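# Pasted the sequence and its predicted model underneath.
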Amino acid sequence: MKHIITIAYILLLTVGFNGFAQQTVPKVKLTDSEKTLNSQWKGMKVAFLGDSMTDKRRVGTTCIYWEYLNELLGIEPFVYGISGNQWNDIYKQSVKLHEEKGTSIDAILIFAGTNDYNHNIPVGEFFSETIKQTNFNGKEVTRKYRTPNLNDSTFCGRINKAMSYLKNNYPQQQIVIMTPIHRGYAKFNDKNVQPDENYANGQGLYIDSYVDILKQAASYWAVPLIDLYSTSGLFPMADAQSQYFHDKDTDRLHPNALGDYRLAKTIQYKLLALPSGFVVELNTKN
């Protein structure tokens, strides 16, 4: 069944907050058949951490992916994403989440990393190694010993710092890392021009390197990964794909409402394969 869009599927011209004539795509009207409202995610309180793709101000879109997820899965979203934020800000968002909601949350989804690439943040290393003695089968032996780097100066350090906080403060919650999507060209003003992903950043790295680091981080921190870079289908370098982005000439970075719908559908089916949380009441009586 073809999806009906709330207004006729016509690109409406409007003037955006950056002063450009931009293409506004109306929200996709969801059909009942695509909603999965009786899954493990129904009624779950889900926190969303991230950047402009998550920001409640709807940067470049009329409906954000988590707004679609609210309708598709019946979740209750709590949104902390802020435009321009990087992974060092994910730690700050996590602290704010804990201050405001405590542990009364079921799951946490993190969608960030594209700004770390764009701001030339060094990748760094997840661990520092030293030599330490330990007891192995009753004998003192000398072994290499690794310690996670927790800092704001490298991509790995930023991820470790945020994930360490979340793992220690939300031990029963489902935590999911989502990779950035592909990056197209964007020009927000004369001093904010961002090349597409075929250009390496100031570190000489492509965005793929940052995506790969997030995959490693999910493995180390034992959290599920939703690889939107690989599975969302959004590829702004192809002209035919510009229909999914804010403006084909000035902003192929931010998805529009059609692009966010595609993101939401991908996330929906990935989440259906995951537990929505692990919060249980333990019976302490013998």
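Right, received. Where do you want to start?
# Could you measure from Asp55 over to Ile108?
Separation of Asp55 from Ile108 (C-beta to C-beta, to the nearest Å) stands at 17 Å. (C-beta placed from N, C-alpha, C; glycine too.)
# Between these two, which has more neighbouring residues?
Legend: neighbour count by other C-beta atoms under 10 Å for Asp55 and Ile108, higher for Ile108 (25 against 21).
# Could you tell me how far that one is located from Ala264?
Using C-beta to C-beta, Ile108 is found at 17 Å from Ala264.
# now do Asn120
Asn120 sits 30 Å away from Ala264, going by C-beta to C-beta.
# now Gln203
As judged by C-beta to C-beta, Gln203 and Ala264 stand 32 Å apart.
# Show me which of these two is the more surrounded one.
Ala264 (25 against 15).
# so the more buried one sits right up against Leu69, yeah?
Yes: counting by C-beta atoms under 8 Å, Leu69 is a contact partner of Ala264 at 5.3 Å.
# any idea how far the spatially most central residue of the chain lies from Leu271?
Nearest to the mean C-alpha position of the chain, by C-alpha atoms, centre = their mean, lies Phe111 at 0.9 Å. Distance of Phe111 to Leu271, given as C-beta to C-beta: 13 Å.
# can you check Gly43 too?
Between Gly43 and Leu271 the computed distance is 14 Å (C-beta to C-beta).
# Name the residue in those two with the higher neighbour count.
Neighbour count, other C-beta under 10 Å: between Gly43 and Leu271, Leu271 has more, with 26 against 12.
# what residues are up against that one?
Residues near Leu271 by C-beta atoms under 8 Å, 6 or more residues apart in numbering: 41, 69, 73, 176, 226.
# Filter those residues down to just the ones in strands.
Using DSSP state E, 176, 226 are the members of the contacts of Leu271 that sit in strands.
# Show me the beta-bridge partners of the residue found closest to Tyr261 once you drop the neighbours it is linked to in the chain.
Counting by C-beta to C-beta, 6 or more residues apart in numbering, Val28 is the residue found nearest to Tyr261 once chain neighbours are left out, at 4.3 Å. Assessed by DSSP bridges, Val28 has beta-bridge partners Ile5.
# Tell me if I'm right that Val28 and Cys63 touch.
Yes: with contact defined as C-beta under 8 Å, Val28 reaches Cys63; the gap is 7.2 Å.
# quick check: mean pLDDT across stretch 244-258?
Mean pLDDT, stretch 244-258: 97.
# in that stretch, what counts as buried?
244-248, 250-258 (16 or more other C-beta atoms under 10 Å).
# Stretch 266-283 now?
Buried, per 16+ other C-beta under 10 Å, within stretch 266-283: 266-268, 270-271, 276-277, 279.
# ditto for stretch 182-194
182-188, 194.
# Determine which two of these are furthest apart.
By the measure C-beta to C-beta, His182 and Phe188 form the most distant pair in the buried residues of stretch 182-194, at 18.3 Å.
# hmm, back to that, which one among the buried residues of stretch 266-283 gets closest to Pro236?
Thr266 (15.7 Å).
# Tell me the spacing between that closest one and Asp260.
Distance from Thr266 to Asp260, by C-beta to C-beta: 11 Å.
# With Glu100 instead?
Separation of Glu100 from Asp260 (C-beta to C-beta) stands at 25 Å.
# So those two - more neighbours on which side?
Legend: neighbour count by other C-beta under 10 Å for Glu100 and Asp260, higher for Asp260 (28 against 12).
# Report the contact partners of the closest residue to the more buried one other than its chain neighbours.
Leaving aside its sequence neighbours, Asp260 sits nearest to Tyr65 (C-beta to C-beta, 6+ apart; 4.6 Å). Taking C-beta under 8 Å, 6+ apart, we find Tyr65 in contact with 53-54, 255, 260-261, 263-264, 267.
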